[in-house]
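1. Here you go, sequence then predicted model.
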Amino acid sequence: MNASKTYGIDISFEELKLPLFHDVLVLAKNAVQGKLGLGRSLDLLAPGVFQSIDTEVESERIEAVFINRKLLTKIPVEHLMRVLQRHVFEYVGEGELIQVDMKVRISMHNINE
């Protein structure tokens with residue numbers, strides 16, 4: 001008996017977006033990458049793009065935060081860290097690397113020259 005065979009192939013693809021295009025990377029404690037490893041990787045892929053912020057004082061679960069320097073031209077690091085602490089850090093699990101995209105809108109009203 002000759003059985004006929006059919007094959008099906010499903011394929012999908014999308015543009016690869018490396019961490020360099022994100023605004024903030026939050027590294028939890030016990031992550032595989034580690035603070036130094038991730039820092040070196042980011043420096044190789046995008047030299048000078050990210051600034052590393054130690055967070056051991058601010059959060060016991062977060063080892064480091066890497067912030068895109070372009071974002072820091074718009075928002076002071078202290079303010080940004082308060083926002084992350086209030087709205088992001090509590091959702092980061094042990095060992096995770098979380099990417100955070102932020103949309104910053106600056107509005108100015110009643111400007112007099």
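-> Looks like it arrived, so ask away. Owing to the predicted nature of the structure, the values given are computational and were not obtained by experimental measurement.
2. can you list contacts of stretch 44-63?
-> Residues from elsewhere that reach stretch 44-63 (CB atoms under 8 Å, 6 or more residues apart in numbering): 18-20, 25-29, 31, 34-35, 39, 42-43, 64-70, 72, 77, 81, 85, 89, 92, 94. C-beta: built from backbone N, CA, C; applies to glycine.
3. how about the helices of the protein, start to end?
-> 35-45, 69-72, 77-87 (DSSP state H).
4. buried sites along the second one?
-> Residues of helix 69-72 classed as buried: residue 71 (neighbour count, 16 or more other CB atoms under 10 Å).
5. and what of the last one?
-> Of the residues in helix 77-87, those with enough neighbours to count as buried (16+ other CB under 10 Å) are 80, 81, 84.
6. returning to what we had before: which of the contacts of stretch 44-63 are buried?
-> Using 16+ other CB under 10 Å, the buried ones in the contacts of stretch 44-63 are 19, 25-29, 31, 35, 39, 42, 64-68, 81, 89, 92.
7. Can I get the buried residues of helix 77-87 in JSON lines including distance to residue 48 and pLDDT?
-> Shown next, in JSON lines, are the buried residues of helix 77-87 (distance: CB to CB, whole Å; pLDDT from 0 to 100):
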{"residue": "80", "distance to residue 48": "18", "pLDDT": "90"}
{"residue": "81", "distance to residue 48": "20", "pLDDT": "91"}
{"residue": "84", "distance to residue 48": "22", "pLDDT": "90"}
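8. hang on, the earlier thing: among the buried ones among the contacts of stretch 44-63, which are in strands?
-> Among the buried ones among the contacts of stretch 44-63, the members falling in strands (DSSP state E) are 25, 26, 27, 28, 64, 65, 66, 67, 68.
9. how about a markdown table for the residues you listed, with distance to residue 52 and pLDDT added?
-> Shown next, in a markdown table, are those (distance: CB to CB, whole Å; pLDDT from 0 to 100):
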| residue | distance to residue 52 | pLDDT |
| --- | --- | --- |
| 25 | 10 | 90 |
| 26 | 12 | 91 |
| 27 | 9 | 92 |
| 28 | 15 | 91 |
| 64 | 6 | 93 |
| 65 | 8 | 94 |
| 66 | 6 | 94 |
| 67 | 8 | 94 |
| 68 | 12 | 92 |
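10. I'm done for today, thanks for sticking with me.
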